[in-house]
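Undergrad: got a predicted model here, sequence first, then my questions.
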Amino acid sequence: MALQPSLSFLQIIGQASAPHTLEFFLDYVCPFSAKIAKSIENDLKPMISKGGKYDGKVKVIVRLHPQPWHATSTLTHEAALAVGRTVPAAFWLFSLGLFEHQTEYFDIPASTLTALQIRSNLVRLAAPYVGNDRVQQVEELLKLKSTPNGGTGVTDDLKYNVKYSRANSIHVSPTALWNGLIANDVSSSFKAAEWASFLEQRVTA
C-alpha cells in the first residue's frame, strides 16, 4: 500500500493519512479498466473527496498494470508516467483522457504505426493536460536512451509498477485491493449504489 515518493501522483483521491486504502490495477488498453475508471471518477470520487461521507477515511491509489498481450500497453503506460512526472496533478485527468482514446491504441488501429509514431501521438494527447510549455518535458522523458536497450526516462517507474503487480500476484485488470487484500467482489460494472454498499461494509475508522 506504500508508494515511493516520486510516484505520489498515483494516489488520485483522498488524504495520504486516511486509514483505509483502495487500490486499482488498471491497463490503459483494457476496456474493463476504462469502464471502472469512469466509475471511480463519477461515482466513487464524490464519496471520498472533501465533503464526502468517507472524506479522510479512504484513499485511492492507481497501480499501472500493463498487460503484454496488448501490444501498445507499455507505450501508453510510459506516457502516463511521463505526464505524472511532469505535472503530477495532471496524471489522473490524462489517464481519463487516455481511456477515452484507448481504441486508437488497440491492436489493429495501431498495427501500422511504429513505436516512435505511437509515442508522438501520446505526446500530442498529453499537451492539453500538461500545457504547451511543459509538453516538451513529457517528450524528453519518452525518448529512448542512448544505450541500445536502455529504455526511456520513465522505464524505472514502469518497472516499479510491474514489480508491485507481480509481488501481489495480480493477473488481470481491473483488480482492486482493499487494505492490501484482493477484493474479488469489486466489478467494473459498479455504480454509486454498489460503491456505497462496498464502503459501508468495510470502513471501520
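TA: Done, it's in. Numbers count the residues shown, from 1 in each chain.
Undergrad: hey, C-alpha coordinates of the top helix by length along the chain in CSV?
TA: Looking across the chain with DSSP state H, the single longest helix is helix 115-130. Taking only C-alpha atoms (Å, rounded to 0.1, in the frame of the first residue of the first chain), the coordinates of helix 115-130 have been written out as CSV:
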residue,chain,number,x,y,z
ALA,A,115,6.7,2.8,-31.6
LEU,A,116,8.1,6.2,-32.3
GLN,A,117,4.9,7.3,-34.0
ILE,A,118,2.7,6.0,-31.2
ARG,A,119,4.9,7.9,-28.6
SER,A,120,4.5,11.0,-30.8
ASN,A,121,0.7,10.6,-30.8
LEU,A,122,0.7,10.2,-27.0
VAL,A,123,2.7,13.4,-26.6
ARG,A,124,0.2,15.3,-28.6
LEU,A,125,-2.6,13.8,-26.5
ALA,A,126,-0.8,14.9,-23.3
ALA,A,127,-0.3,18.5,-24.4
PRO,A,128,-3.7,19.9,-23.3
TYR,A,129,-3.2,18.3,-19.9
VAL,A,130,0.3,19.5,-19.1
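Undergrad: give me the element Glu194 is part of.
TA: For Glu194, the element it lies in under DSSP states H and E is helix 192-202.
Undergrad: for that helix, packing partners?
TA: Contact here means 3 or more CB pairs under 8 Å, 6 or more residues apart in numbering; DSSP states H and E; on that basis helix 192-202 packs against helix 45-48. C-beta: built from backbone N, CA, C; applies to glycine.
Undergrad: heading C-terminal from the helix it packs on, find the next helix or strand.
TA: Sequence-wise, the next helix or strand downstream of helix 45-48 (DSSP H and E) is strand 58-64.
Undergrad: contact partners of that following strand?
TA: With CB atoms under 8 Å, 6 or more residues apart in numbering as the contact definition, strand 58-64 has outside contacts at 1, 3, 10-16, 18, 20-27, 40, 44-45, 48, 77, 80-81, 92, 95, 158, 161, 164-165, 170, 199, 203.
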